[in-house]
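In: what would the 3D arrangement of this be:
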Amino acid sequence: MTDIQAEGDISRRRRVHGQPTAGKRSGGGEQTGGRAAIRGRFAALGVLGVFLLGACSGSGAGAEPAETATATATVTAKPERISSQKGVTLKDARKAAEGAGYTVSVHSANKGGAEPSENWKVCFEGIGYGTVDYGAVEEGALCPKKDGGPLAWPKAPGVTGKTYAEAVKALTEAGLDEGRISADSAYKDVSLTQAEVESDADGYKVCFQSLKAGADVKPGAEATLTLVEGGSCPSKKGTYQDRKNDPGYTPPPPPSSSERDSGSGGSTGGAGGSAEWNGQCELTSPAGNCYRAGQFCANRHVGMRTHDANGRVIYCKVRGDGQRWNYS
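Out: All right, here's what the predicted structure looks like:
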């Protein structure tokens, strides 16, 4: 109920009971004051309404504007197709893959292997969309049958009995660096140089090898081939081709008259018969040593004869096992 309605009800009740109204009881001034109070109440209500409307509208007007969501689409170029990089170094494989737009990762293809370096060889590759993962092994190692397998190395071949040329070819095919293959003489009293051997690689035979057959051929491995020029190999290293050079040598008895007479025929190159021998070998090896029976003889010596270190005449002839120095 409003204040106006309440005032009207009071006046009516007074008239019914014969009581004067407020205006009549108090006079004209009191009636005028009542109306002023009513107008004041209306003014207060108006101010309150205005305040409430302002508060409601102000909450919207002063608020910050809502954020605007922005979606950005990134378009990635499709990488080029890349060929297999198996068998090449990680350095070259990485260069090819990154050049084609791939992101590269690497790992050791051997169980428990070290962190791969750029000179390792690629054995496995996993190619995804824009990515490639290479599994590699150490330089010179063999690829395992499956990724993560044990580390394995090529094995050195057995080359004894082969010519120097054949031995070098076999060892380098197994992964040995040719620059790490050296030559040595099987005899203490026979010297040879690397240049001499390489100039006649088919004329020297391998008697012993320092890198044993079946040994791992790892990077940095070396091999020494102990050789003889032509001929047969000694039973062991460190012997003397000319036994007279051995400090423990005991001279044999002088040749019999029949042995001296066996070389008394005409000369076909080289020296005459043993009866004419002056203690010198007419034909010698490049190292300056006398030839001996059973030893390989060069093409230029076929049909010729000379004396061995004991003064016996030997002949260079073609036999079933090659060109050899023979007693007859």
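In: ok, residues contacting stretch 121-138?
Out: 76, 79, 82, 84-90, 93-94, 97, 101-110, 113-114, 116, 120, 139, 141, 143-144, 147, 151, 219 (Cβ atoms under 8 Å, 6 or more residues apart in numbering). All C-beta spots, glycine's among them, are computed from the backbone N, C-alpha and C.
In: how many residues are close by K212?
Out: Using other Cβ atoms under 10 Å, K212 has 11 neighbouring residues.
In: what residue ranges in the stretch 151-300 of the chain score low on pLDDT?
Out: 251-277 (pLDDT under 70).
In: quick one: low-confidence parts of the stretch 1-150 of the chain?
Out: For the stretch 1-150 of the chain, the ranges with pLDDT under 70 are 1-78.
In: apply 50 and report the result again.
Out: 1-4, 16, 19, 21-32, 47, 50, 52-53, 58-61 (pLDDT under 50).
In: returning to that earlier point: looking at the contacts of stretch 121-138, which are in strands?
Out: The strands, defined by DSSP state E, take in 103-108 from these.
In: quick one, helices of this structure?
Out: With DSSP state H as the criterion, the chain has helices at 3-16, 22-26, 28-61, 90-99, 164-173, 194-199, 257-261.
In: quick one: contacts of the fourth one?
Out: Contact partners of helix 90-99, identified using Cβ under 8 Å, 6+ apart, comprise 82-83, 85, 104, 106, 116-122, 125, 132, 134, 136.
In: quick check: PyMOL command selecting the buried ones in the contacts of stretch 121-138.
Out: A single PyMOL command is used to select the members of these judged buried by 16 or more other Cβ atoms under 10 Å:
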select buried, resi 79+82+85+88+89+90+93+94+97+102+104+106+107+108+109+110+113+116+120+141+143+144+147+151
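In: and stretch 293-304, what's buried?
Out: In stretch 293-304, counting by 16+ other Cβ under 10 Å, buried: 293, 295-298, 301, 304.
In: what about that stretch, start to end distance?
Out: Stretch 293-304 has an end-to-end distance of 13 Å (criterion: Cα to Cα, to the nearest Å).
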